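Q: using only what follows, build the 3D model:
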Amino acid sequence: MNTYNYNGKIITLTQEPYIANDNAHYEASAVDADDDIYMVRWDIILDAEDAADCTDESNMCAWDNPSAITKL
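A: Numbers count the residues shown, from 1 in each chain. A predicted model of the protein is given here:
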């Protein structure tokens, strides 16, 4: 799974990103070495028409650059 640096901590995704209820973001749960839980969010960077036709999700978001990481 992918890892990200958040405030000096390495967090690791615990699931594959999925489309959020708002249809404007992807999100996934993550955990750090202390078992703290996080939500990682990515903005969809394609416009609505291109996103609807997109079959390759690798281009849907800037996966290396989450738009938000929130400790839960």
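Q: so after the lowest-mean-pLDDT helix or strand in the chain, what's the next helix or strand?
A: Lowest mean confidence among the helices and strands of the chain (mean pLDDT, DSSP states H and E): helix 48-53, at a mean of 54. Next in sequence after helix 48-53, counting helices and strands by DSSP states H and E, comes strand 68-71.
Q: for that following strand, which outside residues touch it?
A: With contacts defined as Cβ atoms under 8 Å, 6 or more residues apart in numbering, strand 68-71 is touched by 4, 6, 11, 30, 36-41. C-beta here means a position set from N, CA and C on the backbone, and glycine is covered the same way.
Q: looking at these, spot the one nearest N23.
A: For the contacts of strand 68-71, the closest approach to N23 (Cβ to Cβ) belongs to R41, at 13.0 Å.
Q: for that closest one, which three-state class applies?
A: strand (DSSP: H, G, I helix; E, B strand; the rest coil).
Q: identify the residues contacting it.
A: 20, 25-27, 66-70.
Q: can you check Y38 too?
A: 6, 11, 29-32, 69-72.
Q: quick check: closest non-adjacent residue to it.
A: A30 (4.3 Å; Cβ to Cβ, 6 or more residues apart in numbering).
Q: hmm, back to that, most neighbours among the contacts of R41, which one is it?
A: Neighbour tally across the contacts of R41 (other Cβ atoms under 10 Å): the maximum, 25 neighbours, falls on P66.
Q: name the spans of the protein whose pLDDT lies under the cut-off.
A: By pLDDT under 70, the low-scoring segments of the chain are 46-56.
Q: tell me which element I11 falls in.
A: Using DSSP H and E, I11 falls in strand 9-13.
Q: the helix or strand following that strand pairs with which strands, parallel or anti?
A: Next along the chain after strand 9-13, taking DSSP H and E as the criterion, comes strand 18-19. The pairing partners recorded for strand 18-19 under DSSP bridges are strand 25-32 (antiparallel).
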